[in-house]
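In: No sequence on hand, only this structure:
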């Protein structure tokens, strides 16, 4: 299973970005998915998660500004980030719990990350 995150870049404070994370490989099913971020010198932290049924959960720091969504038909997750702040600067990673088409076992996969820089 591979997770490919994209959409990061440089944006001014108050701006917006949309991240995408596409899962590919021998996947039978995708369960919970989520976005995490790691700022320089800090530990990786949860940003938002979404279940296969669409139930969402957000870190307090992003509530009201970020929106997580997914398209189950193409095993892709999104993160719409609005009103970005300099403290949102980090490498954003996607995570997914996937079921193997061949063995039926579930496993957790991480994408490589995409850099988001919020600066004027």
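Out: Looks like it arrived, so ask away. Just so it is clear, the structure is predicted and the values come from calculations on it, not from any experiment.

In: Touching the helix or strand hosting residue 69 from outside, list them.
Out: Using DSSP states H and E, residue 69 sits in strand 66-71. With Cβ atoms under 8 Å, 6 or more residues apart in numbering as the test, strand 66-71 has contacts from 33-35, 47-50, 54, 56, 58, 76-82. C-betas here are computed from N, CA, C, even on glycine.

In: and stretch 48-67, which residues are buried?
Out: By neighbour count on 16 or more other Cβ atoms under 10 Å, the buried set for stretch 48-67 is 48, 49, 50, 58, 62, 66, 67.

In: Let me know the pLDDT of residue 104.
Out: What the model reports as pLDDT for residue 104 is 89.

In: typed the wrong thing, it's residue 24
Out: Looking at residue 24, the pLDDT reads 89.

In: Can you report how many residues lie near the closest residue to it other than its chain neighbours?
Out: Nearest non-adjacent residue to residue 24, counting by Cβ to Cβ, 6 or more residues apart in numbering: residue 2, 5.1 Å away. Neighbours of residue 2 under the rule other Cβ atoms under 10 Å: 11.

In: do the same with residue 37
Out: Look at residue 37: counted by other Cβ under 10 Å, it has 23 neighbours.

In: so it, which of the three states?
Out: Put simply, residue 37 is strand when judged by DSSP: H, G, I helix; E, B strand; the rest coil.

In: for the one 4 residues further on, same thing?
Out: On the three-state scheme (three-state DSSP), residue 41 is labelled coil.

In: Outside of the helix or strand encompassing residue 3 itself, list whatever touches it.
Out: Element membership of residue 3 [criterion: DSSP H and E] is strand 2-6. The contact list for strand 2-6 (Cβ under 8 Å, 6+ apart) reads 19-25, 92-96, 109-114.

In: how about a cut-off of 6 Å?
Out: Strand 2-6 is contacted by residues 20, 21, 22, 23, 24, 25, 94, 96, 109, 111, 114 when judged by Cβ atoms under 6 Å, 6 or more residues apart in numbering.

In: and the residue lying closest to residue 3 once chain neighbours are set aside, what is it in contact with?
Out: In this structure, residue 3 finds its nearest non-sequential neighbour in residue 111, 3.6 Å apart by Cβ to Cβ, 6+ apart. Taking Cβ under 6 Å, 6+ apart as the contact definition, residue 111 lies against 3, 5, 21, 93, 94.
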